[in-house]
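> my questions concern the predicted model and sequence given below.
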Amino acid sequence: MSHVENRLSFLFRLINIIQVQTLTQENVSCLNTSLVILMLARRKGKLPFYLNALRGKELSEKYPGFLLNNFHNLLRFWQEHYLNKDKDSTCLENSSCIHFSYWKETVSLLLHPDQSAPCAIISYIDKAYMSVDKDFSED
């Protein structure tokens, strides 16, 4: 298995094991680790490739839309949490050695509302399965 395949498999599992309703101080690292993987992909110009691969994995696992909708909701939660807590964002930056501005930019790209944007999660969710407009605090 190649390094990219390993990263994609790991990324899929990280996103798949958490939801906004189940996030805790102990498992938020799964969300942040998934973001680190995608930030590295972004630096290499491969973010669309990774998102398309997640979509493919989602379809092959017979759960179309679930993973990417879930990730979209997790990132909305991430924005609400980290953009309003200076201490947490500083800790994130210090522990990762990645400028917080790059974290914010990457999340903004992933959450971009334009379905034609190549780095927007919603570009990879088929309309039939899209639920990104749902409030992330709902069940």
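Sure, I can see it. Residues are numbered from 1 along each chain as shown.
> got the contact list for the spatially closest residue to residue 32 that is not a sequence neighbour?
Computed as CB to CB, 6 or more residues apart in numbering, the closest residue to residue 32 that is not its neighbour in sequence is residue 92, at 6.6 Å. The way it works is simple: take the backbone N, C-alpha and C, and place the C-beta from them, glycine included. For residue 92, the contact set (CB atoms under 8 Å, 6 or more residues apart in numbering) comprises 32, 82, 100, 103.
> what's the lowest-pLDDT member of these?
Among the contacts of residue 92, residue 82 carries the lowest pLDDT, at 92.
> how near is that one to residue 58?
26 Å (CB to CB, to the nearest Å).
> settle it for me: which of those two has more neighbours?
residue 58 (25 against 20; other CB atoms under 10 Å).
> that one against residue 64, yeah?
Yes - look at residue 58 against residue 64 with CB atoms under 8 Å: they come within range, at 5.8 Å.
> Throw the contacts of residue 92 into TSV and include distance to residue 109, thanks.
Putting the contacts of residue 92 into TSV (distance: CB to CB, whole Å) gives the following:
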residue	distance to residue 109
32	16
82	15
100	15
103	11
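> give me the buried subset of those.
Among those, those classed as buried by 16 or more other CB atoms under 10 Å are 82, 100, 103.
> check which helix or strand covers the residue nearest to residue 32.
Per DSSP states H and E, residue 92 falls inside helix 86-96.
> what's the offset of the helix or strand hosting residue 68 from the middle of its chain?
Using DSSP H and E, residue 68 sits in helix 66-82. Helix 66-82 sits 6 Å away from the centroid of its parent chain (CA atoms, centre = their mean, to the nearest Å).
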